[in-house]
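Enquirer: here's a sequence, model it:
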Amino acid sequence: MLLLVLPGLAGCVRHEEPASSAAERPLDPVAATYLDQAIQALRDQDPARTLVFTDSARAYAPDHPYTYFVRGQAYYVLGRFDDARAAWDRTLELEPDNWAWWQSIGDVAFQQQKYPESLAHYRKAARMHPDPVSWHGMAGAYWEMGRPDSARLACEQALTLDAAYAPAYLSLSRMAEEEGLFPEALRHADAALRLDPDNLAYQYTVGLMLLRNNRYDEAAAALKAVERHRPQNVGVLLNLGQALQRAGQTEEAARYFERVEELRKEGVANDVPPGY
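Expert: Sure thing, here's the model as predicted:
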């Protein structure tokens, strides 16, 4: 499934409240304090603590949609998609005219591999409020449904709405890679990286596409920069070794290949590409 190599096509978790009428609803001050703590816990990558704080917030604001929205975010990060869906369904019951809630339901349906349903929710969100994230989500749903032309058009629409929306460039890069269009894939990856130079996923994709385009010295340099942050990532080490080998640096390449075997024997190798 191409979902495995196209992260970012859907499932954008927001750690702050989207512009919505929920922000205008009265919120108990104590509940607001707990929700602030819940959001900070999400930023600290502690979704379990977020659930604790949202429980407390619900005691003071049981019918405010944002308490359920933040709770759904925590479940989403934990991979508990049924629970995330239940929380966001409650959010929709409380405020059905908010585009951001429909987009979130689209995200969770995507993760549940319910792609036609996901697409319908993204479309509804985009009709209510044109947003690059919703169009990017549509691109992912289209791609998984075997509609690559529609997926590309949706990515392009996301960029029409926001030319600085880097994830759409990354998706276009990986779509082009799947079709063997390596120069185009590199061009899109470069565009993503220019917009977000510190993003490891973009750095890795640029390095990989340089390798695919037979620019071995440049690929090695780019992948070494990623390797410094992910020294136990098998994909990074293997591709770096290949770039070095093809650049004629066989001894250095051999050291990276040996490192891969050592990590695999130790059982600590990480096969997930950076940024995924």
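Enquirer: drop to CA atoms for contacts and neighbour counts, all remaining ones
Expert: Fine.
Enquirer: which residues touch residue 57?
Expert: 30-35, 67 (CA atoms under 8 Å, 6 or more residues apart in numbering).
Enquirer: any weak-confidence spans in the protein?
Expert: For the chain, the stretches flagged by pLDDT under 70 are 1-25, 275-276.
Enquirer: try it again at 50.
Expert: Along the chain, segments meeting pLDDT under 50 span 1-23.
Enquirer: picking up where we left off before, out of the contacts of residue 57, which is most surrounded?
Expert: Greatest neighbour count in the contacts of residue 57, by other CA atoms under 10 Å, goes to residue 67: 28 neighbours.
Enquirer: the residue lying closest to residue 130 once chain neighbours are set aside: neighbour count?
Expert: Here the nearest residue to residue 130 in space, its sequence neighbours aside, is residue 161; by CA to CA, 6 or more residues apart in numbering that works out to 7.6 Å. For residue 161, the neighbour count with other CA under 10 Å is 15.
Enquirer: tell me what the strand or helix carrying residue 93 is packed against?
Expert: Using DSSP states H and E, residue 93 falls within helix 81-94. Under the contact criterion of 3 or more CA pairs under 8 Å, 6 or more residues apart in numbering; DSSP states H and E, helix 81-94 touches helix 65-78, helix 99-111.
Enquirer: list the buried residues for the longest one?
Expert: Buried residues in helix 65-78, counted by 16 or more other CA atoms under 10 Å: 65-77.
Enquirer: and what of stretch 162-176?
Expert: With the criterion 16+ other CA under 10 Å, stretch 162-176 contains buried residues 164-176.
Enquirer: same question, stretch 150-160
Expert: Judged by neighbour count (16+ other CA under 10 Å), stretch 150-160 contains these buried residues: 150-159.
Enquirer: repeat that for stretch 79-86.
Expert: 81-86.
Enquirer: kindly export that stretch (C-alpha atoms) in CSV.
Expert: Provided in CSV are the C-alpha atoms of stretch 79-86 (Å, rounded to 0.1, in the frame of the first residue of the first chain):
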residue,chain,number,x,y,z
GLY,A,79,-3.1,5.0,17.4
ARG,A,80,-6.5,4.4,19.1
PHE,A,81,-8.5,5.4,16.1
ASP,A,82,-11.9,4.0,17.2
ASP,A,83,-11.6,6.1,20.4
ALA,A,84,-10.5,9.1,18.4
ARG,A,85,-13.5,8.7,16.1
ALA,A,86,-15.9,8.4,19.1
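Enquirer: all set, thanks.
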